Structures are given as C-alpha cells and as structure tokens.
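J.: sequence? don't have it. structure:
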Ligand code: NDP
C-alpha cells in the first residue's frame, strides 16, 4: 500500500487533528479508505476529552466509518467494495473512523446498498442503526401501527430524528418529544411526526402512572424523560432505551410494569450481531426517504469534526452531522 500517512483525530490526553502513520493501525483483516464518518454523542464525548468512551490511548476517534475496501484477507470483501461499520469497538477500543484509513474486522462490516450510497450510509450511521434496532425490538415485542402511537424522545437529535422518519415511513403515528418545540416543530413534522410534544409534558407531573397515551416508546434520553415516557405507556406497551442525553439514572417506579404490564428493552448497537445489523440496514434502506435523510443531515470537513461535535454536548445538535473525510 502506497499511503503511509493520513489525517485523523487521535485521542491522547485530548483529541488532536494530526497526520497519522500507517504503522499506528492494528493488524486486522481489512483496510478501508474512509470517505465519511459522522458525529454521534459518543464521538462528541471522545473529541472533547470526556471519559467513558475511549478505553485505550492513544486511539483514533470515531465510532462510524463508511468507505472503500483497499485490501482484505476476509473472504467476504474485495478491494473496491463500499462498506460501512458502526460501533463494534470502533473509536472505543479499536482505532476509529475519524481518519483517512482504518483497519477493521471484516466480520463487522456491512455492504452499503447501491441505492443508498456512501454519504447517506454515513448520515444513517450509528444513530440510524440504533433507531432501526429500536424499531425491530419494539416489533419483536408485538408493536404494530394498529397498536397505537409511538413516542420518540430526544426527537431533535441524531437517533431521535431518524427514529421519527423511520417510524413514520413504517406507518406508525409518531409523537415527537423535544426540548425545543418552537424551534423544531416544523422540521419534525416534515420528518413525519403527527404531533410534537414539549418534553416538559413528560416530566412535569413526576407521577409513575399517567394517562395512557402511546403504545411504544423510542427513548434516547433517559433520566426523568424516560420515567415520564413509561408513565404514559398503554397497557402492554413497550419502550426501548438506548441513551442518556438527559441522565444515566432515571426516577423509575415499578407501577407501570406491574399494573400495566409494560416492557422496557435495552438497545446496544455496539455489539449487535451481524445478522441483526443486516436486518436493520435492510429496513433503513427500504423505508428511509433519501430526501428526508438529506434534510436532517449536515456535512462538515474532517478538520472541523471537533467544533461540530460541541453542539451535541450542549444538547443543541439537530439531526445528523456527516464528516467528509476524503
Ligand atoms: P444527539 O446529541 O444528536 O441527540 C440527543 C438529543 O437528546 C438532543 O438533540 C436533545 O433532543 C435531547 N437532549 C439533550 N440533552 C438533554 C437533556 N438534558 N434532557 C433531555 N433531553 C436532552 O445524540 P444521539 O442522537 O447521537 O444520541 C442520543 C443518545 O443515545 C446518547 O446518549 C447516545 O450515547 C445514545 N446512543 C446509544 C446507542 C446505543 O447503542 N445504546 C447508539 C447511539 C446513541 P431535543 O432537543 O429534541 O430534546
């Protein structure tokens, strides 16, 4: 391989943008020329030196990558294949995708569907994969459009925005809860929300049981918002929890579980087995309207990834940020 140096964000004590040496990469079976990465909440934490994501130093940041296979010893992959990878340790204990080159495990790669293309695959990224895994989990538990509305929390963020668009495309009535209703109402309605709620509606009463308003919940927020979402679930309703933007702890109560038979399902996109990843990507490709996906996506150059990530930590990020690496 001719390339020996490539640009990327590396986390030592802090994250810095540097020319990295090929020798830094691990000896894994597949080398990818990264074209796009993205900014997820975890990337924002890593790029801004917050603990809990990077578990090895120094480490190339970035939990997502999309690009072309340059070389592979894995039987599934050939040079030129367009692939994407979300999680699977990337940017946490394996060198990640916010760099021009990456060495990865071929088992974890997903082929980018031709009709999607690499930029839109990156726009989906971990956030979109997580939204789709949440939908699949709710449906495994019996949720269907006829069962009732689905509440999405943190609807303005990456997971939330894609969840709104995906659920609406799957014919669910979507209630989008946000802390920024005035700012985001029009946008969320355009993505497919039937109604936009102020998230204080979920947190104001503090009671464990409220009016039964929704059959399903996709929660990316945690904290009191999750408790409020559970309080509004219909009998036998089901909620997924994937995030902690509003707090890792939530003021839980057993009453929704024991009086209304609701279920709470955990979502972990990082260690999702390959077959489930494929199923989630298939659903995303079938359902997501490319124009809507574009409408919630902003593209920034690699050098600006850290600045762009600041909005996610401030809780003011909207939709998805794709990082143009090439
Ligand atoms: P974003 O920053 O894009 O979105 C988070 C959204 O949460 C914000 O846009 C905001 O939405 C809402 N929010 C932010 N701060 C608060 C607060 N203090 N109280 C209530 N709501 C708040 O992040 P992502 O969508 O990328 O990720 C969301 C969460 O999901 C993160 O915690 C992330 O780590 C987690 N996650 C987990 C995954 C998994 O596999 N389990 C995979 C992907 C993400 P609004 O303004 O509309 O209210």
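T.: Looks like it arrived, so ask away. What you see is a predicted model; the values in this text were computed from it and never measured. Numbering: from 1, shown residues only.

J.: Can you list phi and psi of residue 64 for me?
T.: phi -130, psi 150 (degrees, to the nearest 10).

J.: contacting residues around residue 231?
T.: Contact analysis of residue 231 by CB atoms under 8 Å, 6 or more residues apart in numbering lists 202, 205, 207-210, 256. Glycine gets a C-beta too; all of them are placed from N, C-alpha and C.

J.: For the closest residue to it other than its chain neighbours, list the residues it contacts.
T.: Distances taken as CB to CB, 6 or more residues apart in numbering place residue 210 nearest to residue 231, at 4.3 Å, with adjacent residues excluded. Residue 210 makes contacts with 228, 231-232, as judged by CB under 8 Å, 6+ apart.

J.: Make CSV out of those residues and add distance to the ligand.
T.: Shown next, in CSV, are these (distance: CB to the nearest ligand atom, whole Å):
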residue, distance to the ligand
228, 10
231, 16
232, 16
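
J.: Next step: these restricted to helices.
T.: 228, 231 (DSSP state H).

J.: Just want the most central residue of this structure.
T.: Geometric centre of the chain, nearest residue: residue 127, 1.3 Å, by CA atoms, centre = their mean.

J.: rewinding a little: mark which of the contacts of residue 231 are buried, thanks.
T.: Buried by 16 or more other CB atoms under 10 Å: 202, 208, 210, 256, out of the contacts of residue 231.

J.: Return the closest of these with respect to the ligand.
T.: Closest approach between the buried ones among the contacts of residue 231 and the ligand, by CB to the nearest ligand atom: residue 202, at 9.2 Å.

J.: isn't that closest one right up against residue 229?
T.: Yes - counting by CB atoms under 8 Å, residue 229 is a contact partner of residue 202 at 5.8 Å.

J.: Contact residues of this protein facing the ligand?
T.: 40-42, 126-127, 130, 154-160, 178-180, 199, 220-221, 225, 242-246, 267-270, 312, 315, 317 (CB under 6 Å from any ligand atom).

J.: Next SSE downstream of the longest helix seen in the chain?
T.: Secondary structure assigned by DSSP H gives helix 117-140 as the longest helix of the chain. For helix 117-140, the succeeding helix or strand toward the C-terminus, using DSSP states H and E, is strand 150-152.

J.: For that following strand, which helices and strands make contact with it?
T.: helix 158-169, strand 174-178, strand 214-219 (3 or more CB pairs under 8 Å, 6 or more residues apart in numbering; DSSP states H and E).

J.: Which residues are in contact with residue 76?
T.: Contact analysis of residue 76 by CB under 8 Å, 6+ apart lists 106, 109.

J.: Next one: residue 285 relative to the ligand, how far apart?
T.: Note on residue 285: its distance to the ligand, by CB to the nearest ligand atom, to the nearest Å, is 19 Å.
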